[in-house]
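1. Quick one, structure for this:
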Amino acid sequence: MKADFHCHTSASDGSLSPKELIDRALEKELSALAITDHDTTAGYEQIQDYAQENGLDLIPASEISCQWQGHTIHVVGLNIDVDNERLQAGLKANRIKRWTRAFEIDAKFQSRRFHGLLEKILPAVGEGMIGRNHFAQALIEEGHIKNHQQAFDKFLKKGKPMYAPVEWPELTEVVDWILDARGIAVIAHPHIYKISSNKLNKMIEDFKAAGGQALEVVNQPRPCAEQIGMAQRAERYELYASLGSDFHRPEQSWRDLGWLAPMPKACQPVWQLFEECFSGTAIEKGAQSS
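-> Residues are numbered from 1 along each chain as shown. Next comes the predicted model:
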């Protein structure tokens, strides 16, 4: 099975429409996909019928912002009930926080004489969900910086002049939303959080104690030390392993949809928890092609 359980559309901060993303998944010969737009299920809801018509198993999902000991953490909810009222109320509250932050960021840019960024961003956002990546893209297009990483390093991340803090819900609360929606909670890209190894272990312990079930182990095209470390943690804490490219846009050629290393053999793949939602895909335990 070739799968990608972490990617984004224009319903949040990806550049492709949900239909364009599904078409790309079919082009890349993916058999299963989870659209994990930030704090919304709109991308999935818009395109689930089209995916089914084209033989792609589309998993209902969202990437949800939360906090743990003051650190922003992202948790992916996989195989969720998108009609769950508690989950949707939580996602709506997070979306309001995102818009509040966007206006605060824009005000900071205006104070530094970077005018018109939000006006430039809004047509791209449309009815989707705004994020800091939208500001990064606008800065690139205006010629102020060269890439998204530079935008965050210079302006948008914590400690930089345009950063605006958000009081996200606690990690344990978000896990509870996902469980209430009969979904599977997965810590997204655990290697990117700026915390020590010991703190990461403590966060994983708290996540599991709250009912979290999986860790995103594979998120790069080739095996690497970070993947080995996360696979070991998944095994140590008896968590299932997920995989996802965190794909946002085609020009980020180092992170294409479905371009992922094989799942480590010692890991229990997360799709074992929701095989019943696959519509005929042949699933072998632990199998994953790159």
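
2. And the helices in the stretch 151-290 of the chain, which stretches?
-> Using DSSP state H, counting those that start in this stretch, the helices found in the stretch 151-290 of the chain span residues 171-180, 197-209, 225-236.

3. what's the angle between the second one and helix 225-236?
-> Read it as helix 197-209. If you take axes from the mean of the first three to the mean of the last three C-alpha atoms, to 10 degrees, helix 197-209 sits at 40 degrees to helix 225-236.

4. Could you check how far helix 197-209 is from the centre of its chain?
-> Helix 197-209 has its average C-alpha position 19 Å from the chain's average C-alpha position, going by C-alpha atoms, centre = their mean, to the nearest Å.

5. What is that helix packed up against?
-> If you count contacts as 3 or more C-beta pairs under 8 Å, 6 or more residues apart in numbering; DSSP states H and E, helix 197-209 packs onto strand 61-68, strand 71-78, helix 171-180, strand 184-187, helix 225-236. Every residue, glycine included, has its C-beta placed from N, CA and C.

6. what do you get if the cut-off is 7 Å, keeping everything else the same?
-> helix 171-180 (3 or more C-beta pairs under 7 Å, 6 or more residues apart in numbering; DSSP states H and E).

7. Now do the helix it packs on, average pLDDT.
-> Mean pLDDT, helix 171-180: 98.

8. Show residues contacting that helix.
-> Applying C-beta atoms under 7 Å, 6 or more residues apart in numbering, the contact partners of helix 171-180 are 64, 66-68, 73, 75, 77, 80, 84, 86-87, 90, 185, 206-207, 210-212.

9. Any idea how many residues pack against the closest residue to D57 other than its chain neighbours?
-> Spatial nearest neighbour of D57, chain neighbours left out: A32 (4.2 Å); criterion: C-beta to C-beta, 6 or more residues apart in numbering. The number of residues packed near A32 is 23, by other C-beta atoms under 10 Å.

10. Can you give me the first-to-last residue distance of stretch 256-265?
-> Its start and end residues considered, stretch 256-265 measures 23 Å (C-alpha to C-alpha, to the nearest Å).

11. thinking again about what came up before, tell me which of the helices of the stretch 151-290 of the chain approaches H148 most closely.
-> helix 225-236 (19.5 Å; C-beta to C-beta).

12. coming back round to it: show the pLDDT at the residue nearest to D57.
-> pLDDT recorded at A32 is 96.

13. got it, and Q288?
-> Q288 is given a pLDDT of 39.

14. hmm, back to that, what subset of the contacts of helix 171-180 is buried?
-> 64, 66-68, 73, 75, 77, 80, 84, 87, 90, 185, 206-207, 210, 212 (16 or more other C-beta atoms under 10 Å).
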